[in-house]
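Novice: pasted the sequence and its predicted model underneath.
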Amino acid sequence: MPRSTGFLLPEILALQPAIPSSVSASPQLKTSEGKRGQGGQAEQDTAETFTAWCNSHLRKAGTQIENIEEDFRDGLKLMLLLEVISGERLAKPERGKMRVHKISNVNKALDFIASKGVKLVSIGAEEIVDGNVKMTLGMIWTIILRFAIQDISVEETSAKEGLLLWCQRKTAPYKNVNIQNFHISWKDGLGFCALIHRHRPELIDYGKLRKDDPLTNLNTAFDVAEKYLDIPKMLDAEDIVGTARPDEKAIMTYVSSFYHAFSGAQKAETAANRICKVLAVNQENEQLMEDYEKLASDLLEWIRRTIPWLENRAPENTMQAMQQKLEDFRDYRRLHKPPKVQEKCQLEINFNTLQTKLRLSNRPAFMPSEGKMVSDINNAWGGLEQAEKGYEEWLLNEIRRLERLDHLAEKFRQKASIHESWTDGKEAMLQQKDYETATLSEIKALLKKHEAFESDLAAHQDRVEQIAAIAQELNELDYYDSPSVNARCQKICDQWDNLGALTQKRREALERTEKLLETIDQLYLEYAKRAAPFNNWMEGAMEDLQDTFIVHTIEEIQGLTTAHEQFKATLPDADKERQAILGIHNEVSKIVQTYHVNMAGTNPYTTITPHEINGKWEHVRQLVPRRDQALMEEHARQQQNERLRKQFGAQANVIGPWIQTKMEEIGRISIEMHGTLEDQLNHLRQYEKSIVNYKPKIDQLEGDHQLIQEALIFDNKHTNYTMEHIRVGWEQLLTTIARTINEVENQILTRDAKGISQEQMNEFRASFNHFDRKKTGMMDCEDFRACLISMGYNMGEAEFARIMSIVDPNRLGVVTFQAFIDFMSRETADTDTADQVMASFKILAGDKNYITVDELRRELPPDQAEYCIARMAPYNGRDAVPGALDYMSFSTALYGESDL
């Protein structure tokens, strides 16, 4: 039966008076008393049957009639009846209550009947409006013939003959049943009972029926049909028994209801099978969607937990702690990240496979939850790799910074110790009052000694400035022990200022006394003046020879070696100066011995003794070969680093171009047309195997890269490839070959599902390659338009926009080969639609706009029945009953056509 659309239902019902609560819904309705006497008993029986038949359809719209010749006079319920039984929309009814409005509404109904090929002889709108019972019944009989009986056909017979033949075949096995017509053959009631028992034997115990008890037989059949088959009572048992020849039209009308009720059994089974198929596909796709969501969530969660670790820039105070962080980062790269790379690749493959299955089953494309698109995964992955790169750069910079800090801190401690050693006792010496009781010669000696001290003090000014500069640099580099360095530096500076003040004060005191002194030993003075700078030079040389150094290239170590050689070249002149200073001291000793000067054997102008000069000189001579050895060892280490650079560069310069070449070759293979898709798939899998076999070379390069990092090598002039470039290229190569294999597999899946031959696939590929003018594996909009025109498509802008929305749902402006063959194969594909599923549910529901839980469980397998029950929304239409479910919104939701 056609389904009711309800197009005019709200308008027509709005014009109808409410059904009184006292009016019974029973179909046993009578014609008016005024007409009853005119039509006779036969006419009354016909009217009652037609009234019941009309109400069996009008109840679907939530209304009914009481008087068939009165209730159709305004044409409103007549139009509503035609809409319900035809499922089509009629013209809008007139809202007025005048005769002209009623005639207009009836004419619209009669015009609709005539549009269905029915000739209405002598039936006019005026007769219906005037309540002509014969014309009204004739019109209703015409409607019944057209919409309930005309479509009945058995072995190319007419509608009436076909219905009679159907009854004869169904009742043939039953004794005492002989159906020859639609009047006296049905008087004993056994014909009705036989029809019910033939299709639903559990409803009637046929063996207990007696031919001589027609009232019981008829009432049994009418009650069972009304209760279990949803066929209202249209006949009266007593009227049939008490009439010599029952009304033929009434019997045909009632029997046609049995035909339509039982003929839907096969349709129900077919509908159930279709629904099972659709639900099975939907359940499988939902499981794939859940799997994708879980894998995407897990991968995004891992990225979310990993990025904060990579973005943590908390510095460490020691080189050992930073080295441990670097080792943890290597473990992450080597152990933790590779499995996630595989998961990301598998996620993309699963997504593509799911989308292909959805396209093949005519389902809408899968849209993951917000933030879980493949593009979102790629963006998160890009953020992870960016954090990775930044973290590695930070680690190396921190190691360099700590290395520099350790060097500066050691240099600070060394210079500070030398300076503190030199200043030890100087304040006490400057505060002595020895000049107050000294002789003239002693005073002069004290004055000269003070001058030598001032010279020595000035010589130490550079060291104090170096100490302050080193402390400042340690502060700028955020040295962890800066407070102690600052305290020590401040103490040295304060002491230095105090020494300057004390020195100035003592000089003033000695100069006041100098006028009392006349003699001075110039030789001692000369000795002191030359010994102090020479002693300072030796101390500086010892500092330089013991100074640690950091170099990163051969050129740097060669520069240090050259400077050291230049220093060694100055040693002969320094030795001459030492001999000259010692000669002065020897001359002083000779004068003291000759002239018996009471000098107590010491030089009053300096504390530097010849023994001290000789000791420091010998120390300098010992430090020179040690410095030579240290420079040679560092030179050897830099040579080894250079070999590591060349070794890494040689491999990287081979692997980098190899990866690029393989990427290009994969691109060419993906658009070739040599052989079948299976041949192309085998070729790609062999290619994938050869790529995987190349992995040991990547691992070997990783090992060389680790040696370079452990050697703290930060640049390499022998190659433009970094390990990061190689890693990214390798991961892209693995992802590309896997994605290409997946695309070919999806092409095979599409070909087999759509029944496309290899020749058609080759033709599709040839067309695609021809119009892929940029050879990127994708066509832009204009190339795709030209391709369609070349294949015979004649379309305007709107049609082309519709096709583009199918092949490019994400509006990227390009068409892939997979989308191209999906479109070409979809043109002739026989796939399920939402309307087909909806029609199947309507059959199961007995032509109702809703379906019940019991009907679903009776017609569908248990698991799929429960699946529908759990997902169908309650039905809220005017004809809803308790527990009614909305199968229409559920059907459209299966195909992405609603927001359910």
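Specialist: Perfect, I can see it now.
Novice: can you give me the strands in this structure?
Specialist: Per DSSP state E, the chain carries strands over the ranges 778-780, 814-816, 873-874, 885-886.
Novice: can you put those strands in CSV and add mean pLDDT, distance to Thr46 and mean neighbour count?
Specialist: The C-beta positions use only the backbone N, C-alpha and C, and glycine is treated the same way. Shown next, in CSV, are these (pLDDT from 0 to 100; distance: least, C-beta to C-beta, whole Å; neighbours: other C-beta atoms under 10 Å):
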stretch, mean pLDDT, distance to Thr46, mean neighbour count
strand 778-780, 84, 69, 20
strand 814-816, 83, 66, 19
strand 873-874, 92, 41, 12
strand 885-886, 92, 38, 21
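Novice: format those as JSON lines; extra columns: distance to Asn55.
Specialist: Shown next, in JSON lines, are the strands of the chain (distance: least, C-beta to C-beta, whole Å):
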{"stretch": "strand 778-780", "distance to Asn55": "61"}
{"stretch": "strand 814-816", "distance to Asn55": "57"}
{"stretch": "strand 873-874", "distance to Asn55": "26"}
{"stretch": "strand 885-886", "distance to Asn55": "25"}
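Novice: closest one to Glu69 among the ones you listed?
Specialist: Nearest to Glu69, of all those, is strand 885-886, at 37.5 Å by C-beta to C-beta.
Novice: elements contacting that closest one?
Specialist: Judged by 3 or more C-beta pairs under 8 Å, 6 or more residues apart in numbering; DSSP states H and E, the packing partners of strand 885-886 are strand 873-874.
Novice: now the strand it packs on, how far from the centre of its chain.
Specialist: Centroid separation for strand 873-874 versus its chain: 32 Å, with C-alpha atoms, centre = their mean, to the nearest Å.
Novice: helices or strands up against it?
Specialist: Packing contacts for strand 873-874, counted by 3+ C-beta pairs under 8 Å, 6+ apart, involve strand 885-886.
Novice: sorry, back to before: right, and the strands of the chain - which one's nearest Gln490?
Specialist: Proximity to Gln490 (C-beta to C-beta) singles out strand 814-816 among those, at 69.2 Å.
Novice: what's the closest one packed up against?
Specialist: By 3+ C-beta pairs under 8 Å, 6+ apart, strand 814-816 packs against strand 778-780.
Novice: partner strands of the strand it packs on, parallel or antiparallel?
Specialist: With DSSP bridges as the test, strand 778-780 is paired with strand 814-816 (antiparallel).
Novice: residues making contact with the partner strand?
Specialist: Here strand 814-816 makes contact (C-beta atoms under 8 Å, 6 or more residues apart in numbering) with 777-781, 784, 804, 807-808.
Novice: mind picking the two most distant members of those residues?
Specialist: Longest span within the contacts of strand 814-816, C-beta to C-beta: Gly777 and Met804, 18.1 Å.
Novice: the stretch 201-350 of the chain: helices as residue ranges?
Specialist: For the stretch 201-350 of the chain, applying DSSP state H, counting those that start in this stretch gives helices covering 214-228, 237-242, 248-311, 319-331, 337-360.
Novice: format those helices as a markdown table; extra columns: mean pLDDT, distance to Arg685 and mean neighbour count.
Specialist: Formatted as a markdown table, those follow (pLDDT from 0 to 100; distance: least, C-beta to C-beta, whole Å; neighbours: other C-beta under 10 Å):
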| stretch | mean pLDDT | distance to Arg685 | mean neighbour count |
| --- | --- | --- | --- |
| helix 214-228 | 91 | 62 | 19 |
| helix 237-242 | 88 | 78 | 17 |
| helix 248-311 | 81 | 23 | 17 |
| helix 319-331 | 81 | 32 | 14 |
| helix 337-360 | 86 | 14 | 17 |
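Novice: which one of the ones you listed lies closest to Phe182?
Specialist: helix 248-311 (4.3 Å).
Novice: the closest one relative to helix 214-228, how many degrees between them?
Specialist: 20 degrees (axes from the mean of the first three to the mean of the last three C-alpha atoms, to 10 degrees).
Novice: show me what stretch 716-726 is in contact with.
Specialist: Stretch 716-726 is contacted by residues 389, 392, 645-646, 648-650, 652-653, 655-656, 659, 698, 701-702, 705, 708 when judged by C-beta under 8 Å, 6+ apart.
Novice: how about a cut-off of 6 Å?
Specialist: 645-646, 649, 652-653, 655-656, 705 (C-beta atoms under 6 Å, 6 or more residues apart in numbering).
Novice: show the end-to-end separation of that stretch, please.
Specialist: 15 Å (C-alpha to C-alpha, to the nearest Å).
Novice: minimum distance to Tyr605: which of the helices of the stretch 201-350 of the chain has it?
Specialist: Taking the helices of the stretch 201-350 of the chain one by one with C-beta to C-beta, helix 319-331 is closest: 47.7 Å.
Novice: contacts for the closest one, please.
Specialist: Under the contact criterion C-beta under 6 Å, 6+ apart, helix 319-331 has outside partners 316, 395, 398-399, 402.
Novice: buried subset of those as a ChimeraX selection?
Specialist: Filtering the contacts of helix 319-331 down to the buried ones (16 or more other C-beta atoms under 10 Å) takes a single ChimeraX command:
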select :395,398,399,402
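Novice: now the contacts of helix 319-331 in JSON lines, with pLDDT and distance to Glu348?
Specialist: Formatted as JSON lines, the contacts of helix 319-331 follow (pLDDT from 0 to 100; distance: C-beta to C-beta, whole Å):
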{"residue": "Glu316", "pLDDT": "74", "distance to Glu348": "38"}
{"residue": "Leu395", "pLDDT": "78", "distance to Glu348": "31"}
{"residue": "Glu398", "pLDDT": "76", "distance to Glu348": "36"}
{"residue": "Ile399", "pLDDT": "78", "distance to Glu348": "37"}
{"residue": "Leu402", "pLDDT": "75", "distance to Glu348": "41"}
